[in-house]
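**Q** need a 3D model of the sequence below.
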Amino acid sequence: MSEKKNAHALRYGNADGEIQFGHIHDDNEMSSVMLRDGDAFNHYITLEKTGKEHRKHGTICVSPGSFQVRAGEKVKEEWPGIFLDAVNGDIIIRANKGKIRMEAVDIHLHAKGSDGTKGSVVVDANEKFIVAAQIIDISGKASSKFFSEKTVEIIGNQLLNI
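**A** Numbering: from 1, shown residues only. Got it, this is the predicted structure:
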């Protein structure tokens with residue numbers, strides 16, 4: 001493939017940072033706009049113009065430091081402070097060398113398919129799945145099952161109904 005050229009490319013910048021319009025990347029793809037740190041070449045935000053389907057017209061944020069979002073200071077309690085909506089495709093949150101922590105007054109997980117028949121919550125762990133609360137209610141309309149390849153213990157220190 002021949003190397004792309006952009007006769008309309010424009011760059012404004014200095015040692016502190018730059019903004020580029022029509023930037024051609026090393027992989028021969030074009031960003032409509034690129035905002036880059038002058039000290040860290042790998043610190044930028046781009047609005048992508050070309051590339052494969054998942055990249056074209058996408059937004060890329062690369063940060064060698066932490067990526068922080070603070071929002072919602074002036075929204076009402078019933079409004080979302082941050083709203084992420086993947087119209088199509090998955091949302092992937094990954095921490096290869098860390099933990100994913102969610103903190104809130106309440107955390108609601110809803111898995112509902114558009115036709116009312118699909119919707120699963122799958123939890124898969126290599127080591128443990130620990131649930132701790134004052135009250136734990138598990139309810140299955142069609143079936144509830146507990147399986148173990150080894151031991152199953154059910155302990156009710158004061159009362160056990162089976």
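**Q** let me see the ranges of the strands in this protein.
**A** 10-13, 17-24, 30-37, 44-48, 59-62 (DSSP state E).
**Q** I'd like these as JSON lines, with mean pLDDT appended.
**A** As requested, these are exported to JSON lines (pLDDT from 0 to 100):
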{"stretch": "strand 10-13", "mean pLDDT": "95"}
{"stretch": "strand 17-24", "mean pLDDT": "95"}
{"stretch": "strand 30-37", "mean pLDDT": "95"}
{"stretch": "strand 44-48", "mean pLDDT": "95"}
{"stretch": "strand 59-62", "mean pLDDT": "95"}
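**Q** closest to D124 out of those?
**A** D124 lies closest to strand 59-62 among the strands of the chain, at 28.7 Å (C-beta to C-beta). Heads up, the C-betas are built off the backbone N, CA and C, glycines and all.
**Q** low-confidence regions, this structure specifically.
**A** 1 (pLDDT under 70).
**Q** give me the residue at the spatial middle of it.
**A** I93 (3.6 Å; C-alpha atoms, centre = their mean).
**Q** residue contacts, it?
**A** If a contact means C-beta atoms under 8 Å, 6 or more residues apart in numbering, then I93 has I100 as its contacts.
**Q** what's the answer for E149, then?
**A** So E149 contacts nothing (C-beta under 8 Å, 6+ apart).
**Q** what's the distance between the residue nearest to the centre of the chain and F67?
**A** 12 Å (C-beta to C-beta, to the nearest Å).
**Q** check G13 too.
**A** 22 Å.
**Q** of those two, give the one with the bigger neighbour count.
**A** G13 (12 against 8; other C-beta atoms under 10 Å).
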